[in-house]
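[1] Pasted the sequence and its predicted model underneath.
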Amino acid sequence: MSDYKKLPIFSSYEVNPKFYDEIFTQNKEVRSIYETLFNLFNEYQIDDFQLLNEKAKASFLNQGITFQVYGQKEVKEQVFPFDLFPRIISAKEWSHIESGALQRSKALNLFLKDLYSKKQIIKDGIVPLDMIVSSENYLEQMNGLKVPGGIYNHISGTDLIKHSDGEYYVLEDNIRCPSGVSYVVSNRASLKRNLFGAFNHYPAYAVDNYAENLLAMMQSVKPLGVDNPTCVVITPGIYNSAYYEHSYLAKAMGIELVEGRDLFIEKDFVYMKTIYGPQKVDVIYRRIDDAFIDPLVFNPDSLLGVPGLFKAYKKGNVCLVNAPGTGVADDKAIYTFMPKIIKYYLDEDPILNNVHTYHCNNPKELEYVLNNIDKLVIKPVDESGGYGISIGSKLTKEEIEAVKKVIKASPRKYIAQPIMSLSTHATYIDEVEAFEPRHVDLRTFTLLGKNTEFVLKGGLTRVALKRGNLIVNSSQGGGSKDTWVLKK
Amino acid sequence: MLARVANNLFWMGRYLERTEHIARFINVNYFSSLDAPNEISQSRQFVLKSILYMVNDTVIENDEEVDEKKVLFDVALNPENEFSILSCFKYARENASSARDLISIELYESINQLYYYIKNYNVDLFVNKGLDDFTATITKETASLRGKINETLILDETYAILTLGIHLERANQVIRIINTKYIDAKSSESEISDNFNNSYEWTTLLKCIQSFDMMKRFYKKAPVSADTLAFSVLNPSCPRSIMNCLNTTQKNIKILSDRIDPNSTSYLISKTTCEYKYMSINEIEGNFSDFIEDTITKVTSICESIEKEFFDY
């Protein structure tokens, strides 16, 4: 196809030479992997698309596939915007991503095991001690504790971007409670329904096997002496922003979705209150942050957790997925050591690239950061959800001065990275009723169990819907796309 | 099953059923008053007060005037009122959300869809001309929700608890409707050619519990007080009757428990069911207000017993 711009639904599509566009080359040619899809899409009129788009939105709302946004007056339920143009990843590219994600998860697990026992990596001078003990997510209570199956980060979400050089880079590792997998599954369901004519032209992997693998992983890390473990998912409750995901996962695994008040501890064992009395619980996939899991050990004001849970865990009577204290390793400051961590534990070179990072607690690097804020992204090391991020090129002079002040006040809290160019992808934009390029990233989901490992063949492609926006998080107005990983 | 979630399922069933009864009561009473046979039963004030009494036990004196639009808004769409259709259905949905991993996707989706329909219904449209559209859609959709409960759930504890909630609430609502209409029949009695025994209110009552046409088929004559009470209270083949509610309750409690000791809910339900099975219409007619009070007390005791035995851990 010579010029896609002649087609009405792509007429306003401008490929920006600064970014890698996943659909079109700089010569306005469709990349070969998208050709079939592109031809199929061109059989649709704008009106068809408008209609499909509305239909998809309504179906998400009716199914209650929503997240909650806390306004000043009331809690609003919102649909996570879903874009009908899927992202396609070739088999070759995927095998690179998959082995890289798995490598990182394994290295992180060994790192956590070491940090909470011998601390050899610190003794060997690879990672500085103050990097660890200054982290808010380092849990003293985890020291010397043997976790079931030796697994800490059972579930890892790796955030990747495709830079302008066409290479994937890891932006961050999420090994506390990475979310979003339910959208991978519901996006696929919706796409298949709405664009059934397109999906069957590509040999893509199914994504609905995540839940069965998650359950198998949970069962593999059962406490010693348990034959058939009772597994549950624990949620903060129906008003939590990710409640849909919690209920989806419990339902898809066929296990109970509990709240803290449904559980109690007796003689250091965990029980849930059922209609027939107490039933012992062995493995808990907890979607509650560390600070809230046990008011006796952590935040004493927590009403979400279970008093005595940590003691039961410490005694090996229950397994928590993920382990408490994993946050120390997905800290954005630790991220920068990942290549060294991988080399140290696995004696392998990192498969996936890291983005170069400047540590503000290093005086030399701090100086560079303060002088080059306009070229950098400044991130707080311990926030998630896209909060607290400043993109230097978008700041006014006054704002730059303000950011400088904040960094100087607590340098340990900040890192800086060059502004990475997230790739762009064709995204249907309501207001203009046409496709426009929008920035995307990719979150993959990796499971580690006792002698089991699994990477979901697919992932959450998040898209920044605002023109020019680089932040893709749902809490910041992002949407998502179905992601097809091809078998060949 | 978690005790908390069982409690949610029970109340989900109760609120779904309550929503339907309120919607139908408003619809039937409002519209049948338009061509009612006498002045009192035609009076808008009479009907609105009857609706308020059924929905929330609100008694308004005869000489006090109520505002039609305000009453309709209060019983249907006022989010501040615990008893409005909007609030009832909101609670139904909240309970469904807590039990979301146990109920079918189809069922949850339909509840959600109806919730948005109710929540987004335009208030002005409703109080001016949308009354029939709004209430009729709700009765239609709640019936379809029951269909999804019956056709998409596993017939296990989830189903049993939901069904218990639905039928105990139904017994509760039907008895309240009977009581309201009994009082209405009494107060419109004075008219010539319209005595208590064959009052127009019996027709309305049967329509409120969706049993008018079937009752006529059963008795092959226009409803009079005794037949109406017999059909709506004691007839086991009338799906809305107290008798059928108790029978269904008795069947479903057995899915939950095989206890038969005198302290069990199962025992209490069986005992109550037997009392109604051998009750005669004369006993009811002879002592109507005691009968109403007694039935409400018995239904409440069953609910409390379920709560104590299954939800309270």
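    Sure thing, it's come through.

[2] near chain B, which residues of chain A show up?
    A:61-64, A:237-238, A:243, A:247, A:250-251, A:256-259, A:261-262, A:272-275, A:277-278 (CB under 8 Å from any CB of the partner chain). Every residue, glycine included, has its C-beta placed from N, CA and C.

[3] Inside strands: which ones of the residues you listed?
    A:E256, A:L257, A:V258, A:M272, A:K273, A:T274, A:G277, A:P278 (DSSP state E).

[4] measure the fifth one to B:W11 for me?
    Relative to B:W11, A:K273 is positioned 17 Å away (criterion: CB to CB, to the nearest Å).

[5] Could you do the last one as well?
    Here A:P278 is placed at a distance of 23 Å from B:W11 (CB to CB).

[6] Looking at these two, which one has more neighbours?
    B:W11 (23 against 16; other CB atoms under 10 Å in any protein chain shown).

[7] Tell me which helix or strand the more buried one sits in.
    helix B:3-33 (DSSP states H and E).

[8] Sketch out the low-pLDDT regions of the stretch 1-150 of chain A for me.
    Applying pLDDT under 70 to the stretch 1-150 of chain A picks out residues A:1-6, A:72.

[9] Which other helices and strands does the worst-scoring helix or strand of chain B on mean pLDDT contact?
    Between all helices and strands in chain B, the lowest mean by mean pLDDT, DSSP states H and E belongs to helix B:39-42, at a mean of 78. Applying 3 or more CB pairs under 8 Å, 6 or more residues apart in numbering or on different chains; DSSP states H and E, one finds that helix B:39-42 contacts no other helix or strand.

[10] Please work out which residues outside it touch it.
    For helix B:39-42, contacts defined as CB atoms under 8 Å, 6 or more residues apart in numbering or on different chains pick out B:33-36, B:46-47, B:184, B:187-188, B:190-191, B:200-201.

[11] Kindly recompute the last result at 7 Å.
    Contacts to helix B:39-42, defined as CB atoms under 7 Å, 6 or more residues apart in numbering or on different chains, come from residues B:S33, B:A36, B:F46, B:S187, B:S188, B:E191, B:Y200.

[12] For the residues you listed, give me CSV that also has neighbour count and pLDDT.
    CSV is the format used below for the contacts of helix B:39-42 (neighbours: other CB atoms under 10 Å in any protein chain shown; pLDDT from 0 to 100):
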residue, neighbour count, pLDDT
B:S33, 20, 83
B:A36, 21, 77
B:F46, 19, 89
B:S187, 15, 82
B:S188, 22, 77
B:E191, 14, 53
B:Y200, 22, 83
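
[13] export the residues you listed to JSON lines and tack on distance to B:N150 and secondary structure?
    Listed next are the contacts of helix B:39-42 as JSON lines, based on distance: CB to CB, whole Å; DSSP: H, G, I helix; E, B strand; the rest coil:
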{"residue": "B:S33", "distance to B:N150": "34", "secondary structure": "helix"}
{"residue": "B:A36", "distance to B:N150": "36", "secondary structure": "coil"}
{"residue": "B:F46", "distance to B:N150": "38", "secondary structure": "helix"}
{"residue": "B:S187", "distance to B:N150": "39", "secondary structure": "helix"}
{"residue": "B:S188", "distance to B:N150": "38", "secondary structure": "coil"}
{"residue": "B:E191", "distance to B:N150": "43", "secondary structure": "coil"}
{"residue": "B:Y200", "distance to B:N150": "34", "secondary structure": "helix"}
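
[14] Can you convert those into JSON lines and add a column each for distance to A:E431?
    Shown next, in JSON lines, are the contacts of helix B:39-42 (distance: CB to CB, whole Å):
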{"residue": "B:S33", "distance to A:E431": "50"}
{"residue": "B:A36", "distance to A:E431": "54"}
{"residue": "B:F46", "distance to A:E431": "53"}
{"residue": "B:S187", "distance to A:E431": "60"}
{"residue": "B:S188", "distance to A:E431": "59"}
{"residue": "B:E191", "distance to A:E431": "64"}
{"residue": "B:Y200", "distance to A:E431": "57"}
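
[15] Nearest to B:S144 among these?
    Relative to B:S144, the closest of these is B:S33; by CB to CB it sits at 27.9 Å.

[16] What distance do you get for the closest residue to the closest one other than its chain neighbours to chain A?
    Leaving aside its sequence neighbours, B:S33 sits nearest to B:V47 (CB to CB, 6 or more residues apart in numbering or on different chains; 4.2 Å). Using CB to the nearest CB, to the nearest Å, we find B:V47 at a distance of 34 Å from chain A.
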